[in-house]
Structure formats: structure tokens, C-alpha cells
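>>> I would like to see how this sequence folds:
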Amino acid sequence: MLVFVAIIVMMLPATWDEIDWRVALHANQAVAYELSLKKRPDGQHIIEAHDRWDERAWAEALSANTTKEGERYVWLHHDGKHIHEAKKMIDSLYWNKALDANTIASYKEYIKGHERGAY
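Predicted coordinates:
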């Protein structure tokens, strides 16, 4: 009986790791993968969790299409697969804001914050 209990106790970390992973997969949101990585930084699914976190975060930033979400992606995924695309998106959104305002001040504001911008 004691051996059986010891085996069950030894299996629990792997079981909880798998449960947490399946919860993240089911949610399929950046925040779920991020939480999975924080809860199990040495879990079995760390590489896939990191990749899925990056992909979902980028998809969510694209869907929002705001400077706030683009900058959030850059801040959290500074080495992410989509970092260059995110920076281009942010630059473009700021440029469009300047165009919409169409004032000298708005163009100066863009130049001030985006000296190396595309526009």
C-alpha cells in the first residue's frame, strides 16, 4: 500500500502539468499560455507553450490593431517571431494617426517618437 501511495505522489507533478497544459490548449488564448509558463516554468510543454503564447499574442495584437496591443506584444515578446512585424504595425498606426490629424504638430509628434520610422 505504501508503495502505491508513493507512486501516486511521484506522478502528481506530471499529472498537474498535463492538466494545466490541456486547460491552456482549450482556452487557446495568450494569457492562458502565459499562465501555463508561469505555473510550470520547467513543465513538459514549455517549448510548445512559449511558441503558442507568442503566436496567440501576435494574433490578438493584429486583431486589436492598436498601438497599445502592438506595444504590449513588443514588450512581452521582445524576442518573438513577429517582433519586426509588430514594430512595423506600431509605426504604421502612429503614422496613420498623424495623417488623420493632418497638422504640423501631429507630424512633428510622429517624427519625435519615430525617428527611424518608415514614414
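
>>> helices and strands of this structure: which one bottoms out on pLDDT?
helix 2-27 (a mean of 70; mean pLDDT, DSSP states H and E).

>>> what's residue 50 in contact with, if anything?
33, 37 (C-beta atoms under 8 Å, 6 or more residues apart in numbering). All C-beta atoms are positioned from the backbone trio N, CA, C, and that covers glycine.

>>> how close does it get to residue 15?
22 Å (C-beta to C-beta, to the nearest Å).

>>> after the least confident helix or strand of the chain, which helix or strand is next?
The first helix or strand that comes after helix 2-27 along the chain, using DSSP states H and E, is helix 30-39.

>>> export only the CA atoms of that next one, formatted as PDB.
Taking C-alpha atoms only, helix 30-39 is exported to PDB below (Å, rounded to 0.1, in the frame of the first residue of the first chain):
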ATOM      1  CA  ALA A  30      -2.200  34.200 -25.000                       C
ATOM      2  CA  VAL A  31      -3.000  34.800 -21.300                       C
ATOM      3  CA  ALA A  32      -3.600  31.000 -20.800                       C
ATOM      4  CA  TYR A  33      -0.300  30.100 -22.300                       C
ATOM      5  CA  GLU A  34       1.400  32.800 -20.300                       C
ATOM      6  CA  LEU A  35      -0.100  31.500 -17.100                       C
ATOM      7  CA  SER A  36       0.900  27.900 -18.100                       C
ATOM      8  CA  LEU A  37       4.500  29.100 -18.500                       C
ATOM      9  CA  LYS A  38       4.500  30.900 -15.100                       C
ATOM     10  CA  LYS A  39       2.900  28.000 -13.300                       C
END
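
>>> the helix or strand just after it to helix 30-39, inter-axis angle?
Using DSSP H and E, the helix or strand that follows helix 30-39 towards the C-terminus is helix 46-64. If you take axes from the mean of the first three to the mean of the last three C-alpha atoms, to 10 degrees, helix 46-64 sits at 150 degrees to helix 30-39.

>>> show the average pLDDT along helix 46-64.
Helix 46-64 shows a mean pLDDT of 96 in the predicted model.
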